[in-house]
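Enquirer: Turn this into a structure:
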Amino acid sequence: MSTDNVSQATTAPSFCEGIQHYGDAWPQYSEKATTAVIADGQSAVSDCTTPEAVFQTQLMADALRYLTLQVCGSKGSGHPGGFASSADAYASLVMLGHTNIVTEVGHHAPGFYSAMFLDTSLQEMGINTVSDMHTRFREREGLLGHLSGAVPGLLAPAGPLGQGQHFAMAGALLHPDKLFPFTMGDGGMGEPYILSAMMHFNTAYPESTNFLPTLVWNGYSQEHHSMVSRMTNEEMTNYWTGHGFKEVVIVDAKEFDDANQEGAYVDSTQFSFENRLKFSQAMLEGTNKAATSAMNGTLTVLIIKQLKGAGVHALGAKSHNLYPADTLDQPHIIAGLQRRALNPDAWQIVRDNFSRAGGGPAVKTSVTEHVLELTPLPKLPAQEFSKEEKAVPATAMGALVAAVGQIDKRYVVCNADGNEASAMKNINDALKIRHPTVDPLYNQEPNGQVYEPLNEDACAGLAAGLSLFGSRAIWLSYESFAINGWPIVQTVTQAMAELRRKTPSVVSMFTAGALEQGRNGWTHQRPEIENFFAGMMRNGNVYPLFPCDANSIQVAYEWATNTYNKGMVIIASKSPLPVYMTLEESLHAIEVGAATIYESQSGDKGTIVFAVTGDMVFLPVFEAKDQLEADGYRVRIVAVVNPRRLYRPTDVAWDTVSEPDNTFMDDDHFNALFDADILFAVSGGPSAPLEPVVLRTRAAKRDTFCWKRGETTASPTEIMNFNGITAEAMCNRVKTFTK
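Expert: Numbers count the residues shown, from 1 in each chain. Just a heads-up that it's a prediction; the model follows:
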């Protein structure tokens with residue numbers, strides 16, 4: 001730090017400790033920045049057209065750019081370029097009091113952290129100075145490289161692209177009096193479903209326009225030009241209007257360029273000071289226009305068109321991220337910081353505006369900083385099926401889903417492939433499909449609670465977003481299609497593991513089409529996603545549930561619905577199947593993890609245990625049981641309903657998550673269930689959910705029977721035969737073990 005900077009640092013506010021460069025006061029600073037334009041007790045600028053409001057909006061944008069670059073430079077790591085081109089839009093939103101901002105761009109993290117630092121939210125985690133930010137950036141227990149809702153003031157996580165709109169729409173639905181802007185990059189526009197998801201949401205919820213996509217159109221993706229970089233403003237406008245947007249507000253920096261920059265994308269920080277202010281004024285007024293439009297019932301998009309990296313160390317894709325050599329002592333980083341350096345007094349003005357905008361620091365005012373009040377649920381009206389009958393698990397659960405929706409009017413049921421196709425028409429009968437066309441034949445009503453866009457990302461996105469923001473929802477799908485929606489559920493369940501508040505678990509139910517969709521072939525037989533759920537069990541808050549019948553699925557659903565900060569995945573069939581457990585027995589099984597549903601009364605050749613996940617797959621297991629008993633074996637069949645509870649405590653990161661659950665089956669109870677001369681782990685899907693059984697069993701002789709691959713077949717029996725999940729195969733394996 002130069003001697004002049006050292007002198008300036010002594011007059012700077014204490015939170016500036018660690019800032020390495022200060023600059024001179026801007027022209028007209030003494031007239032336009034004597035006090036914060038957001039006065040004490042106010043939550044936004046009173047008039048966005050005043051010179052003072054414009055001047056201080058520009059101050060805020062440059063403060064964000066400076067901090068973003070310096071915090072990245074402190075670690076030679078992180079992504080400053082994308083956020084730098086959005087800083088003017090972000091500052092405008094804040095100055096207008098709209099601080100419930102989410103993003104789909106995880107690479108904007110250092111900019112969002114800078115905003116939370118400036119509004120004092122990060123003090124909640126002990127980050128009081130710029131030096132503290134340096135220390136905690138991209139470190140464990142600190143400011144992780146991509147956004148997390150665990151960071152004070154931030155509403156939602158951001159990592160995979162194409163997710164931010166779901167959080168914004170969930171927020172808009174739950175809080176109609178607030179605006180939920182979300183920033184998206186033009187690189188991220190290549191992700192599927194972003195605009196179609198918003199179009200479907202607007203068709204289903206036309207009153208909920210209080211979310212504002214804010215496109216950062218900067219011409220570049222991570223390492224190259226974005227695929228929409230060649231569009232004209234007119235073409236971009238048509239792109240959005242073609243997806244139902246009635247108001248498209250574009251603020252194009254090129255219109256204010258007096259520095260003769262080449263190309264359609266320019267850096268506003270290279271304009272003359274006068275034109276910089278003109279651009280800031282256009283940005284502030286354009287943002288106000290877009291926000292007002294969105295809050296007044298018009299589907300609106302705000303677009304800032306400005307070159308990526310505007311105002312930092314490099315431009316274009318080269319500004320995207322820093323490498324280990326891009327440290328604070330490097331000339332190009334120093335030059336970038338010096339260009340954005342503010343005078344010491346300006347930092348206090350920026351902080352005053354930030355900490356007052358929206359009614360106070362985001363850690364106090366963001367909607368996700370408070371537990372949303374939930375409608376209390378009574379004991380659900382489960383139907384007890386007898387062990388002498390067959391019943392459809394999916395239909396039994398559907399009745400309880402309908403009951404929850406009738407009690408909790410905010411409850412949303414999301415299904416892309418149709419509840420009727422999954423034997424859950426009873427949900428549609430009770431709650432109605434949300435659709436502008438009234439049609440009793442199809443259970444359609446404008447105020448229905450069943451949300452049915454024809455893509456799993458939109459289904460999973462709204463359900464996960466609502467859960468994260470504090471409301472109940474459920475995502476229903478075929479397991480074969482669930483992979484298209486699972487990424488956001490994975491993101492949200494990981495975020496829930498870190499949250500500082502309680503929120504309803506993400507609940508999903510996947511119809512186990514592998515064994516049921518024979519004639520559709522392998523396109524509908526993709527249970528491999530169960531391996532994904534199984535792998536996430538070790539995270540500490542993910543529970544794949546495998547109810548074995550129509551009684552246990554009702555218990556599993558009610559149990560999952562009453563949990564918090566977890567990911568609950570129920571796998572079940574839509575075919576009439578035998579009933580093995582009472583409701584009381586089912587509750588015991590879900591709580592401890594597994595339960596015996598059959599045990600031989602005699603047999604002198606040894607004990608064979610079947611540990612089974614699924615429901616339809618019990619059919620060949622019971623057939624094998626008959627043959628093995630006839631051969632003199634004692635057989636025990638154990639339904640593994642909640643395999644997460646069968647791990648050992650040291651296998652799972654249970655103590656690292658919010659709302660921790662350290663209930664695991666002890667060795668004595670485990671051995672009582674699974675001790676055997678031969679143990680078979682059997683699944684209608686892959687074997688991974690049975691890992692805790694295979695890991696802990698003391699049986700020296702053990703094997704698995706599980707899914708291999710799909711094929712077109714005429715019946716479930718034929719597809720099980722194709723995969724070797726047959727009674728004959730199980731009995732033959734016993735023979736090889738006993739030779």
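Enquirer: And the pLDDT for the closest residue to Gln525 other than its chain neighbours?
Expert: The shortest distance from Gln525 to any residue other than its chain neighbours is 3.2 Å, reached at Gly710 (C-beta to C-beta, 6 or more residues apart in numbering). (C-beta placed from N, C-alpha, C; glycine too.) If you check Gly710, the pLDDT there is 92.
Enquirer: Next: Ala150.
Expert: Reported pLDDT for Ala150: 85.
Enquirer: what's the spacing between it and Asn428?
Expert: Ala150 is 37 Å from Asn428, where distance means C-beta to C-beta, to the nearest Å.
Enquirer: Tell me which of those two has more neighbours.
Expert: Asn428 (23 against 17; other C-beta atoms under 10 Å).
Enquirer: how would you label the more buried one: helix, strand or coil?
Expert: On the three-state scheme (DSSP: H, G, I helix; E, B strand; the rest coil), Asn428 is labelled helix.
Enquirer: Could you double-check that it lies in contact with Glu420?
Expert: Yes: counting by C-beta atoms under 8 Å, Asn428 does reach Glu420; the two are 6.5 Å apart.
Enquirer: Thr712 should be in a helix, yeah?
Expert: No: residue state for Thr712 (three-state DSSP) corresponds to coil; a helix is not indicated.
Enquirer: Count the residues that sit near it.
Expert: The burial count for Thr712: 16, using other C-beta under 10 Å.
Enquirer: Look up how far His146 lies from it.
Expert: Applying C-beta to C-beta to Thr712 and His146 gives a distance of 42 Å.
Enquirer: again, but for Leu468
Expert: 16 Å.
Enquirer: higher neighbour count, these two?
Expert: Leu468 (29 against 17).
Enquirer: Excluding covalently adjacent residues, which one is nearest to the more buried one?
Expert: Closest residue to Leu468 apart from its sequence neighbours, by C-beta to C-beta, 6+ apart: Val492 at 5.0 Å.
Enquirer: Can you tell me the element the one you found falls in?
Expert: helix 486-498 (DSSP states H and E).
Enquirer: helices and strands around the helix or strand that that helix is followed by, which ones?
Expert: Downstream of helix 486-498, the first helix or strand assigned by DSSP H and E is strand 506-511. Counting contacts by 3 or more C-beta pairs under 8 Å, 6 or more residues apart in numbering; DSSP states H and E, strand 506-511 packs against helix 393-407, helix 456-468, strand 473-478, helix 486-498, helix 550-561, strand 567-572.
Enquirer: Run through the residues that contact Glu659.
Expert: 502, 541, 563-566 (C-beta atoms under 8 Å, 6 or more residues apart in numbering).
Enquirer: Most neighbours out of the residues you listed, which is it?
Expert: Asn541 (29 neighbours).
Enquirer: Look up how far Pro504 lies from it.
Expert: For Asn541, the distance to Pro504 - C-beta to C-beta - is 13 Å.
Enquirer: Quick check: phi and psi on Ser43?
Expert: Main-chain dihedrals, Ser43, degrees, to the nearest 10: phi -120, psi 0.
Enquirer: okay but it is in contact with Leu96, surely?
Expert: No: at 9.5 Å, Ser43 and Leu96 do not qualify as touching, with contact defined as C-beta under 8 Å.
Enquirer: Show me which of those two is the more surrounded one.
Expert: Applying other C-beta under 10 Å to Ser43 and Leu96 shows that Leu96 carries more neighbours, namely 25 against 16.
Enquirer: what's the spacing between the closest residue to that one other than its chain neighbours and Phe55?
Expert: Spatially, and ignoring its direct neighbours in sequence, Leu96 is nearest to Ala44 (5.2 Å; C-beta to C-beta, 6+ apart). Note on Ala44: its distance to Phe55, by C-beta to C-beta, is 16 Å.
Enquirer: and the next element down the chain from the helix or strand of the chain with the lowest mean pLDDT?
Expert: Within the chain, no helix or strand scores below helix 3-9, which has a mean of 67 by mean pLDDT, DSSP states H and E. Toward the C-terminus, helix 3-9 is succeeded by helix 29-32 as the next helix or strand (DSSP H and E).
Enquirer: Show me what that next one is packed against.
Expert: helix 51-73.
Enquirer: for the helix it packs on, packing partners?
Expert: helix 29-32, helix 81-95, helix 109-118, helix 130-136, helix 273-295, helix 331-340, helix 344-356.
Enquirer: If we use 7 Å, what do you get?
Expert: On a contact count with 3 or more C-beta pairs under 7 Å, 6 or more residues apart in numbering; DSSP states H and E, helix 51-73 meets helix 29-32, helix 81-95, helix 109-118, helix 273-295, helix 331-340, helix 344-356.
Enquirer: what mean pLDDT does the third one have?
Expert: Averaged across helix 109-118, pLDDT comes to 97.
Enquirer: May I see the buried residues of it?
Expert: 109-118 (16 or more other C-beta atoms under 10 Å).
Enquirer: Report the backbone C-alpha coordinates of the helix holding Val492 in PDB.
Expert: Only the C-alpha atoms of helix 486-498 are listed here, as PDB (Å, rounded to 0.1, in the frame of the first residue of the first chain):
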ATOM      1  CA  TRP A 486     -33.000 -34.600  -9.700                       C
ATOM      2  CA  PRO A 487     -30.100 -32.000 -10.000                       C
ATOM      3  CA  ILE A 488     -32.100 -29.200  -8.300                       C
ATOM      4  CA  VAL A 489     -33.300 -31.600  -5.600                       C
ATOM      5  CA  GLN A 490     -29.700 -32.600  -5.000                       C
ATOM      6  CA  THR A 491     -28.700 -28.900  -4.800                       C
ATOM      7  CA  VAL A 492     -31.600 -28.100  -2.400                       C
ATOM      8  CA  THR A 493     -31.100 -31.100  -0.100                       C
ATOM      9  CA  GLN A 494     -27.400 -30.100   0.200                       C
ATOM     10  CA  ALA A 495     -28.400 -26.600   1.000                       C
ATOM     11  CA  MET A 496     -30.900 -27.800   3.600                       C
ATOM     12  CA  ALA A 497     -28.100 -29.700   5.300                       C
ATOM     13  CA  GLU A 498     -26.500 -26.300   5.900                       C
END
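Enquirer: which residues sit against that helix?
Expert: 148-150, 157, 159-160, 163, 166, 457, 460-461, 464, 467-468, 503, 506, 508, 529, 532, 536, 539-542, 565-567, 657-658 (C-beta atoms under 7 Å, 6 or more residues apart in numbering).
Enquirer: Not counting sequence-adjacent ones, nearest residue to Thr656?
Expert: Thr656 sits nearest to Gly540 (C-beta to C-beta, 6+ apart), 5.8 Å away.
Enquirer: Now do that neighbour: how many residues are near it, please.
Expert: When neighbours are counted by other C-beta under 10 Å, Gly540 comes out with 21.
Enquirer: roughly how far is stretch 491-510 from the heart of the chain?
Expert: On the basis of C-alpha atoms, centre = their mean, to the nearest Å, stretch 491-510 sits 8 Å off its chain's mean C-alpha point.
Enquirer: Would you map out the domains in the protein?
Expert: 3-369, 390-737 (automatic domain parsing).
Enquirer: got TSV for the ones you listed, with distance to Leu377 too?
Expert: Below are these laid out as TSV (distance: least, C-beta to C-beta, whole Å):
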stretch	distance to Leu377
domain 3-369	18
domain 390-737	6
